[in-house]
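Peer 1: Sequence first, then the predicted structure, then my questions.
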Amino acid sequence: MGIFDNNNLIDLLSNYLKTQFEIIKLDIQDKIEELLVRVFKYVLIALSIGMAFLFLLLGVAALLNEYLHSNYWGFFIVAGLAFFLMLILLLSIKKSQIIEPLQEDFEPKVEPTENK
């Protein structure tokens, strides 16, 4: 038996590497679980805000119907305002954010040629 036992040293090193891989795998799994919980909470918050906004708009539409003595004009007005707001938000997005990625996908890949 020599000073160093190579087989024992290789076994220790391989066990160390396996343990490190398991630790990394568990850390990644924990991070993914935290991310999924956070995303689920944000989705629930967005749905709650959306529902509250929907009922607020329905209430405003019913109030306008009462004020205008109509069964449908309040809903048309609220829908028109919501459509107008949507158009403003869509137009506020820079065209370059929408068009440039599309152009990159459809541009032909031509290599420049040398002029002699």
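Peer 2: Nice, thanks for sending it over.
Peer 1: next structured bit after the one helix or strand Leu35 maps to?
Peer 2: Element membership of Leu35, judged by DSSP states H and E, is helix 6-68. Downstream of helix 6-68, the next assigned helix or strand under DSSP H and E is helix 73-92.
Peer 1: tell me how far that following helix is from the chain's mean position?
Peer 2: Counting by C-alpha atoms, centre = their mean, to the nearest Å, helix 73-92 is centred 25 Å from the centre of its parent chain.
Peer 1: Just the residues contacting that helix, thanks.
Peer 2: Contact with helix 73-92 is made by 57, 60-68, as judged by C-beta atoms under 8 Å, 6 or more residues apart in numbering. Backbone N, C-alpha and C define where each C-beta goes, glycine included.
Peer 1: how about it: buried residues?
Peer 2: 74-75, 77-78 (16 or more other C-beta atoms under 10 Å).
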